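[1] need coordinates for the below:
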Amino acid sequence: MPELKWYIILIIVLSLLISGAIGAIIHYFFYKYQHRTQPIGRRVDVFPKFEDLQDASCLRTQLKIAYGDRSYEYDEVTIAQIQLSNQGDRDFDEFKMGITLSAGNTAIYIEAQSPDRQHQVQQLTPVNCKNPESEIDFILRPFNKTDTYSLRLLMVSNEQSQEAEKIEFSSPESVRFVHLPTTTEVLQEAARSASLGVGPFNISLGG
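    Numbering: from 1, shown residues only. Predicted coordinates for the structure are as follows:
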């Protein structure tokens, strides 16, 4: 009889240990699922430099931008359109992030575009003609699932500048920034898949 009691106690103890282990494993995987790295889509469209719009026969001149009571002259001015999209399944009440422009490029003006007045962009780094910056931080409030924000940058470059579209994105949050097709890439893909029927012929781009 005593042996039977110890056998039952052993079974109960083992059952409790196994149940605790299973519970810990479930909690671990649930925690990892809740805190897994979230994908944030980012798209960068860079419009032609103003100097590229000039006729080749024209003499190269500096661009003049009026700011306050002063005018500033620049050799190269570029507009970059940035789009950020929360493609994960986590809502952020506040999403802190930063952008770093490629070497030789600085921003002199930034315009934020949010979906509505309930969505706000706080620019933490002052940027203007007097204080151009290449490292700029923001807070998006909120940044929920499927939310999209846009930033428009007016950038100036020096002679040693690298490609303006090479903008780095960073955040203290557990996220990874994933590439979204640019407008040019979308149009190129559409052109490749398009075809034109002329009589018995079907004309399309190779590729």
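[2] quick one: the strands in this structure?
    38-46, 63-67, 70-74, 76-86, 95-100, 105-113, 120-123, 135-141, 148-157, 168-170, 175-179, 195-198, 201-204 (DSSP state E).
[3] and Lys166, how close does it get to Glu73?
    For Lys166, the distance to Glu73 equals 25 Å [Cβ to Cβ, to the nearest Å]. In this view, the C-beta of every residue, glycine as well, is placed from N, C-alpha and C.
[4] which one of the two is surrounded by more residues?
    Set Lys166 next to Glu73 and count neighbours by other Cβ atoms under 10 Å: Lys166 wins out with 13 against 10.
[5] burial of the closest residue to the more buried one other than its chain neighbours, as a residue count?
    Leaving aside its chain neighbours, Lys166 sits nearest to Ser102 (4.3 Å; criterion: Cβ to Cβ, 6 or more residues apart in numbering). Using other Cβ under 10 Å, Ser102 has 16 neighbouring residues.
[6] go ahead and confirm Ser102 touches Met155.
    No: Ser102 is beyond contact range of Met155, at 9.6 Å (criterion: Cβ atoms under 8 Å).
[7] any shared contact partners between those two?
    Listed as contacting both Ser102 and Met155 by Cβ atoms under 8 Å, 6 or more residues apart in numbering are Ala164.
[8] now do the end-to-end distance for stretch 125-145.
    End-to-end distance of stretch 125-145 (Cα to Cα, to the nearest Å): 26 Å.
[9] so which residues make contact with that stretch?
    The contact list for stretch 125-145, computed with Cβ under 8 Å, 6+ apart, reads 65, 67, 70, 72, 84, 86, 88-101, 105-110, 112, 119-124, 147, 149, 151, 156.
[10] and that stretch, which residues are buried?
    Val127, Cys129, Pro132, Glu133, Ser134, Ile136, Asp137, Phe138, Leu140, Arg141, Phe143 (16 or more other Cβ atoms under 10 Å).
[11] tell me which two in those residues are the farthest apart.
    Cys129 and Phe143 (29.6 Å; Cβ to Cβ).
[12] picking up where we left off before, could you check the pLDDT of the residue nearest to Lys166?
    Looking at Ser102, its pLDDT reads 91.
[13] any idea how far it is from Ile167?
    In this view, Ser102 and Ile167 are 7 Å apart by Cβ to Cβ.
[14] shaky segments in this structure?
    1-7, 9-11, 13-14, 16-17, 20-36, 48-62, 159-162, 183-207 (pLDDT under 70).
[15] name whatever forms a beta bridge with the residue lying closest to Ile82 once chain neighbours are set aside.
    In space, and not counting its chain neighbours, Ile82 is closest to Leu151: 4.3 Å by Cβ to Cβ, 6+ apart. Going by DSSP bridges, Leu151 is paired in beta bridges with Ile82, Ala112.
[16] show me the contacts for Leu151.
    Here Leu151 is in contact with Gln81, Ile82, Leu84, Ile99, Ile110, Glu111, Ala112, Gln113, Val121, Phe138 (criterion: Cβ under 8 Å, 6+ apart).
[17] any chance of a markdown table for the residues you listed, columns distance to Ser174?
    Output for those, formatted as a markdown table (distance: Cβ to Cβ, whole Å):
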| residue | distance to Ser174 |
| --- | --- |
| Gln81 | 27 |
| Ile82 | 21 |
| Leu84 | 16 |
| Ile99 | 19 |
| Ile110 | 26 |
| Glu111 | 29 |
| Ala112 | 24 |
| Gln113 | 26 |
| Val121 | 21 |
| Phe138 | 18 |
